[in-house]
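**Q** Whatever this is, show me its structure:
(one chain, ligands or ions: 1)
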Amino acid sequence: TIGSSCLVYNMFLFTGYNFLNTNKDSLDISIWFNSTYSNNTAFTPIALLRVPRLVNMASNAYIKFLRGSGVEMLLEYVKDMPKVGTKLKFDLSSLLGALFFTWIVELLFPVVLTYLVYEKQQKLKIMMKMHGLKDGPYWMITYTYFFALSAVYMILFIIFGSVIGLRFFTANNYSIQIVFYFIYINLQIALAFFAASFFSSVKIATVVGYIYVFGSGLLGAFLLRFFVEDNGFPKGWIVVMEIIPGFSLYRGLYEFGQYAFSGTAMGTSGMEWTNLSDPVNGMRTVLIIMVIEWAILLPLAFYLDQVSSLGGGLRKRLLISLKCFKKRAASFRRYSFGRQGSKVVVEMENPDTTQEREVVEQLLLEPSANHAIISDNLTKVYHGKDGNPDKLAVRGLSLALPKGQCFGMLGPNGAGKTSFISMMIGLIPPTSGTAYVHGMDIRTDMNEIYTNMGVCPQHDLLWETLTGREHLLFYGRLKNLKGAELLKATDDSLKSVNLFRGGVGDKQVGKYSGGMKRRLSVAISLIGDPKVVFMDEPSTGLDPASRNNLWSVVKEAKKNRAIILTTHSMEEAEVLCDRLGIFVDGGFQCIGNPKELKARYGGTYVFTMTTSSEHEQEVEQLVRRLSPNANRIYHISGTQKFELPKQEVKIADVFNEVENAKGRFSIHAWGLADTTLEDVFIKVAKGAQAFNV
Ligand SMILES: Nc1ncnc2c1ncn2[C@@H]1O[C@H](COP(=O)(O)OP(=O)(O)OP(=O)(O)O)[C@@H](O)[C@H]1O
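**A** Numbers count the residues shown, from 1 in each chain. Just a heads-up that it's a prediction; the model follows:
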């Protein structure tokens, strides 16, 4: 209508065209739209209005009015009138918005998550537990550490934002901000603990952590915000979405932003406590959701942590809540049948194992305080995945070990030594059977056992950024050493493993050589005087001098404790162990002290002679003369090796025969050796494997 006004209305935009003195010769029009004057009643988002477009539409309508409806203006030629410059009121926080602040606050999440998964991946947590750190203190220390870190971060966040004058911080009541951030960082830490239960790789956890941060921020800004601003969207669904902590954070920050911005427009302050009851303000709901979620997530994370990452004893206790009591079915079995995939293994128990089993049965009936370790029919089966057959790694192992004894487990690769040690130290649960450490059951009392146990694992579990001394101080404290006693124990320990001189102990472990790390692991296993120590291949990677030094440390240490060590070094076993067990295919083939085993399995001398090939026959005849029952065990291009039964051979006769032979043909080299432990090992291991093939 020319000469009057018309009003276009939609939910957010008011546009008025006022045709003032318009006649056929001139067009006089004022266009009013909703930002032309402020609306004091409610905050309305200002849409970006295309004023020239509105003018064009009005002009077009006027031309049609003048020339008829068929006429159309082809060019939109009207432009904004130049205006007098105005001072730009620039609020950085309105430019950055809630999304930017959400990302800043959430950035702590991957940091916490990665740290927790790192400790898990490196098995440092288990290592700490094995040295006596209980779950409660571990959680409290870790939680407090991350809370302090997050609190400092958030305080700096608020201070910096306020110092540069962002209304996002300065306009809103600080106490609301502090309460909001306090609750959120607690929730974020609980969420990281919860999420850490599902990861075992730091790399994957880091990637997922950052995806969560950026993803939840973006979805908050482009999805949640859209729904929040849509009055028709059900409020219940928004609450459901805000259960995702990233969304609740976004919503809280969004509300701070809204109050700060509307305050700017209206010249008032931002959010106050009284505003929590505003119907449009989602802050109260978000605070309630976050508190409830924190209270649920934290215990859930604790539970999952126990179930997913700890040893069998505690896991069983939590999952089944069943306190096992000592049931002793004295099922003495001389024969056992096991299934390995499709292969049925019939195992005939050897006399040593039978005898050890009898000792264990006896000890379980009349417990002896002197026996530090009693393993009773301990069995481990790894269940095959993806169609692979089950693996019987440890078959009903029985062993009794008194205080003051060092027991050595020898065995070829894959025999099951590490599986046995892992069950004993609570890393994996036994499939059946159990073991007692000073009378405490590994299935149910692992936490108590840890307070008196030292472990030197097969792979060094150390913090790269801590020094050797810091490691020992930490583990010493876990073993209840304090003050001067702790400092002395640390120094003595560093000295004993040659890490004291030249300040080596004060260097970061990341700079240590493999041998130095190994020695530190041994020192950690012995600090605090544990009554039972497990060492899995302690001298691996050590040079001969360090190895000898390590042996003297272990020899000294075994005086008042029980030590079980696994090794591939026969020399080490002979030097350190009071008793040995040769472990093949999940079970002991023989048990005894080194001398006993050599006497039993080594009733032969080994005679070696190297000649030219044409004299090999004569060498064989020489050997038959010395010992009719000699057995040729090795033969390659002129070199032959024979086993000569000791009862048939006199050493003097061997020397005489060789001297006589030297006159008949040329002897390049010869030797006569007593049986070594290595010979025993090869013989026993080969025999057992041949039986089970
Ligand atoms: N987590 C597992 N899942 C399935 N099988 C496993 C697992 N761990 C070990 N095994 C298998 O159990 C057997 C015993 O392994 P274990 O590591 O206990 O032997 P080991 O005597 O310690 O060997 P090494 O001397 O090489 O350390 C091996 O055949 C191994 O492949």
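
**Q** At the contact with the ligand, which residues of the stretch 401-550 of the chain appear?
**A** Within the stretch 401-550 of the chain, the positions adjacent to the ligand are 411, 413-419 by Cβ under 6 Å from any ligand atom. C-beta coordinates here come from the backbone N, C-alpha and C atoms, glycine included.

**Q** could you show me where the strands are in the stretch 551-693 of the chain, in order?
**A** 562-567, 579-584, 587-592, 604-611, 631-636, 639-645, 667-673 (DSSP state E, counting those that start in this stretch).

**Q** Need the residues that contact the fourth one.
**A** In this case it means strand 604-611. Around strand 604-611, the neighbours that count as contacts under Cβ atoms under 8 Å, 6 or more residues apart in numbering are 618-619, 622-623, 626, 630-631, 633-634, 638-646, 649, 651, 654, 658, 665-675, 679.

**Q** run the last query once more with 7 Å
**A** The set of residues external to strand 604-611 that reach it, using Cβ atoms under 7 Å, 6 or more residues apart in numbering, is 619, 623, 638-646, 649, 654, 665-675.

**Q** Pipe the strands of the stretch 551-693 of the chain into a markdown table and attach mean pLDDT per row.
**A** Putting those into a markdown table (pLDDT from 0 to 100) gives the following:
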| stretch | mean pLDDT |
| --- | --- |
| strand 562-567 | 91 |
| strand 579-584 | 88 |
| strand 587-592 | 87 |
| strand 604-611 | 87 |
| strand 631-636 | 83 |
| strand 639-645 | 87 |
| strand 667-673 | 88 |
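
**Q** Spell out which residues of the chain are next to the ligand.
**A** Within the chain, the positions lying close to the ligand (Cβ under 6 Å from any ligand atom) are 382, 391, 393, 411, 413-419.

**Q** now with 5 Å?
**A** Taking Cβ under 5 Å from any ligand atom as the criterion, the chain approaches the ligand at residues 382, 391, 393, 413-419.

**Q** Report the secondary structure element holding residue 98.
**A** Remark: residue 98 resides in helix 92-106, with elements defined by DSSP states H and E.

**Q** And for residue 162?
**A** Under the criterion DSSP H and E, the helix or strand holding residue 162 is helix 135-163.

**Q** What is the distance between the helix or strand following that helix and the centre of its chain?
**A** Heading C-terminal from helix 135-163, the first helix or strand you meet, by DSSP H and E, is helix 167-170. In terms of Cα atoms, centre = their mean, to the nearest Å, the gap separating the centre of helix 167-170 from the centre of its chain is 40 Å.

**Q** which residues sit against the very next helix or strand once past helix 167-170?
**A** Along the chain past helix 167-170, the next helix or strand (assigned with DSSP H and E) turns out to be helix 174-196. Defining contact as Cβ under 7 Å, 6+ apart, one finds that helix 174-196 is touched by 105, 108-109, 112-113, 116-117, 120, 143, 146-147, 150-151, 154, 158, 245, 249, 252, 256, 271, 273, 287, 290-291, 293-294, 297-298, 300-301, 304.

**Q** So which of these sit within helices?
**A** Under the assignment DSSP state H, these contribute 105, 108-109, 112-113, 116-117, 120, 143, 146-147, 150-151, 154, 158, 245, 249, 252, 256, 287, 290-291, 293-294, 297-298, 300-301, 304 to helices.

**Q** Spatially nearest residue to residue 409, not counting backbone neighbours?
**A** Nearest residue to residue 409, sequence neighbours excluded (Cβ to Cβ, 6 or more residues apart in numbering): residue 566, at 4.4 Å.

**Q** Against residue 534, how distant is that neighbour?
**A** In this structure, residue 566 and residue 534 are separated by 9 Å, where distance is defined by Cβ to Cβ, to the nearest Å.

**Q** Likewise for residue 615?
**A** Applying Cβ to Cβ, one obtains 53 Å for the distance of residue 615 from residue 534.

**Q** which one of those two has more residues nearby?
**A** Here residue 615 and residue 534 are compared on neighbour count by other Cβ atoms under 10 Å; more neighbours surround residue 534, at 25 against 18.

**Q** Are we agreed that the more buried one is in a strand?
**A** Yes: the assignment for residue 534 by DSSP: H, G, I helix; E, B strand; the rest coil puts it in a strand.

**Q** Flag the shaky bits of this protein, pLDDT-wise.
**A** Along the chain, the parts satisfying pLDDT under 70 run over 1-15, 33-52, 74-96, 263-268, 308-349, 367-370, 687-693.

**Q** Domains in it, by residue range?
**A** According to automatic domain parsing, the chain comprises the domains 5-67, 92-307, 326-593, 602-686.

**Q** Let's see the host helix or strand of residue 518 as PDB, backbone CA atoms only.
**A** In this assignment (DSSP H and E), residue 518 forms part of helix 514-526. As requested, the backbone C-alpha atoms of helix 514-526 are provided in PDB (Å, rounded to 0.1, in the frame of the first residue of the first chain):
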ATOM      1  CA  GLY A 514      69.700 -51.600  29.300                       C
ATOM      2  CA  GLY A 515      72.000 -53.200  31.900                       C
ATOM      3  CA  MET A 516      71.600 -50.200  34.300                       C
ATOM      4  CA  LYS A 517      67.800 -50.500  34.000                       C
ATOM      5  CA  ARG A 518      68.000 -54.200  34.800                       C
ATOM      6  CA  ARG A 519      70.100 -53.600  37.900                       C
ATOM      7  CA  LEU A 520      67.700 -50.900  39.000                       C
ATOM      8  CA  SER A 521      64.800 -53.400  38.600                       C
ATOM      9  CA  VAL A 522      66.600 -55.900  40.800                       C
ATOM     10  CA  ALA A 523      67.300 -53.200  43.400                       C
ATOM     11  CA  ILE A 524      63.600 -52.300  43.400                       C
ATOM     12  CA  SER A 525      62.600 -55.900  43.900                       C
ATOM     13  CA  LEU A 526      64.700 -56.100  47.000                       C
END
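
**Q** can you pull the buried residues of it?
**A** Neighbour counts using 16 or more other Cβ atoms under 10 Å place 515-526 of helix 514-526 among the buried residues.

**Q** and what of stretch 589-600?
**A** With the criterion 16+ other Cβ under 10 Å, stretch 589-600 contains buried residues 589-592, 594, 597-598.
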